[in-house]
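>>> Sequence and predicted model, in that order:
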Amino acid sequence: MKRLIAILMVACFSTAALTACNTMAGAGKDVQKVGEKVEQKAEDCKDAHC
């Protein structure tokens with residue numbers, strides 16, 4: 001019985017860890033896209049002398 005509980009706890013922890021990794025990867029992509037937009041706007045302003 002203890003072994004079953006230990007296996008279930010490891011499975012739950014692994015699932016939570018993998019979900020967190022996917023969430024952080026998604027957040028990283030979002031931040032990267034925002035950075036690209038800011039960079040593009042800065043280049044547009046530089047070219048147009050804003």
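Ah, there it is.
>>> So for whichever helix or strand A42 is part of, mean pLDDT?
Following DSSP states H and E, one finds A42 within helix 2-48. Model confidence over helix 2-48, given as mean pLDDT, is 85.
>>> Name the residue most distant from the centre of this structure?
M1 (37.0 Å; CA atoms, centre = their mean).
>>> Distance check, that residue against M24.
Applying CB to CB, to the nearest Å, the value for M1 to M24 is 35 Å. Any C-beta I mention is one placed from the backbone N, CA and C, and that applies to glycine too.
>>> swap in I7?
When distance is defined by CB to CB, I7 is 26 Å away from M24.
>>> just A42 next, same as before
Distance check for A42 against M24: by CB to CB, it reads 27 Å.
>>> ok, I7 to S14 distance?
Using CB to CB, we find I7 at a distance of 11 Å from S14.
>>> nope, L4 is what I was after
Note on L4: its distance to S14, by CB to CB, is 16 Å.
>>> Same question for K46.
48 Å.
>>> Then Q40?
For Q40, the distance to S14 - CB to CB - is 39 Å.
>>> and what of D30?
25 Å.
>>> likewise K33?
29 Å.
>>> now do I5
15 Å.
>>> How about A20?
Distance of A20 to S14, given as CB to CB: 11 Å.
>>> swap in K2?
Counting by CB to CB, the gap from K2 to S14 is 19 Å.
>>> Looking at these two, which is more packed in?
Just comparing K2 and S14: by other CB atoms under 10 Å the higher neighbour count belongs to S14, 10 against 6.
>>> list the contacts for that one?
Residues in contact with S14 (CB atoms under 8 Å, 6 or more residues apart in numbering): none are found.
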